[in-house]
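Okay, predicted coordinates and the sequence, questions at the end:
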Amino acid sequence: MLFTFLLWAAQVPPPTAVPHLWWAQRLVADIKPENNRYGSRPTQLEWRGANGATTTINRTVCSSFITELLKKAYNYGPEAMKRWLDTPTPNAARYHQAIASANQFSLITQIHKIKPGDIIAIRYSRLDNSGVQGSSSSGHTMLVASPPIPQTYRATQRDMTFGSTSKQYRVSVIDSSRSGHGMLDTRLLPTGGWGQGGVGLGTIILEANPTGKILGYRWSDRLGSPLRRQSDQSLVVGRFCGLNCESRPRSNDATSD
């Protein structure tokens, strides 16, 4: 614990860390429910001990959480984000487009290639029930916190699955959302419920075919969590290489680990 505190006090991730993942993990470890909120008016992300902040505070939506992480980890300003994604406040659909087109990302299409620090972006095929276009309705973004772990195939009564030839994988993710992912999610309150939502660590399920191609996802590891197919909600996984990185191949799946 003392070693971890000293690292955090130094505000410098260890050389082996993925910087934006390190800052996300630090946030989850230190955030308290009363200082954690899903929202954007205004966006606020602060780490206790960094830049004079005395309290860890989060008020973000899924996309602004990723944006603020990248800005913090790599010292990007609003202009750098605008040059990259045509806006200083990209929504989930913008991140999905950037990953799909390999714009400062390597596209990951094989489940076994996913690593901690990779970014998952989902593009919704239609507006949510509120009918409001924006970062909360264009899709969802998550940060991979652990490698995918195969699990025993579980069919549900609530939806059609891809059949017994597909495989399911548990993936720990960090994101900002109104509700968490499963009963072990860090946002789940002792009294039940998600409170104000916000940033937390939970578990999603990715489903893939025998060759490792991602076919769909489930919001949580609960048995009743419905399957979202790629045709319903397109999911892509990208490895961020930096705003000044050299041109990368469209996919790194052919490269070695």
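It's in.

okay, now T211: neighbour count?
Neighbour count for T211, taken as other Cβ atoms under 10 Å: 9. No exception for glycine: its C-beta is placed from N, CA and C like everyone else's.

what helix or strand does L201 sit in?
strand 198-208 (DSSP states H and E).

Quick one: residues contacting the nearest residue to F240 once chain neighbours are set aside.
Sequence neighbours aside, F105 is the residue nearest to F240 in space, at 5.8 Å (criterion: Cβ to Cβ, 6 or more residues apart in numbering). By Cβ atoms under 8 Å, 6 or more residues apart in numbering, F105 lies in contact with 98-99, 119, 238-241, 248.

Format the CA atom coordinates belonging to the strand holding L201 as PDB.
Provided in PDB are the C-alpha atoms of strand 198-208 (Å, rounded to 0.1, in the frame of the first residue of the first chain):
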ATOM      1  CA  GLY A 198     -20.200   7.300 -12.600                       C
ATOM      2  CA  VAL A 199     -16.900   5.600 -13.000                       C
ATOM      3  CA  GLY A 200     -16.300   2.000 -11.900                       C
ATOM      4  CA  LEU A 201     -14.900  -1.400 -12.600                       C
ATOM      5  CA  GLY A 202     -17.200  -4.200 -13.700                       C
ATOM      6  CA  THR A 203     -17.500  -7.200 -16.000                       C
ATOM      7  CA  ILE A 204     -18.900  -7.600 -19.500                       C
ATOM      8  CA  ILE A 205     -19.200 -10.700 -21.700                       C
ATOM      9  CA  LEU A 206     -17.800 -10.800 -25.200                       C
ATOM     10  CA  GLU A 207     -19.000 -13.600 -27.500                       C
ATOM     11  CA  ALA A 208     -16.700 -14.800 -30.300                       C
END
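
average model confidence for that strand?
Across strand 198-208, the average pLDDT comes to 96.

Okay, now the unreliable bits of the stretch 101-250 of the chain?
For the stretch 101-250 of the chain, applying pLDDT under 70 flags the ranges 126-137, 153-164, 246-250.

50 - rerun?
127-136, 157-158, 247, 249 (pLDDT under 50).

Wait, a helix at A80?
Yes. Checked against DSSP: H, G, I helix; E, B strand; the rest coil, A80 lies within a helix.

What about it, how many residues nearby?
Neighbours of A80 (other Cβ under 10 Å): 16.

I'd say A100 and V236 touch.
Yes. Applying Cβ atoms under 8 Å, one finds A100 in contact with V236, separated by 5.2 Å.

what residues are shared contacts of those two?
L107.

Which one of those two is surrounded by more residues?
V236 (22 against 16).

Tell me the secondary structure at the more buried one.
Applying three-state DSSP: V236 is strand.

what does R48 give?
coil.

any chance you could map the helices in the stretch 1-150 of the chain?
With DSSP state H, counting those that start in this stretch, the ranges of helices along the stretch 1-150 of the chain come out as 2-10, 19-30, 62-74, 78-85, 92-100.
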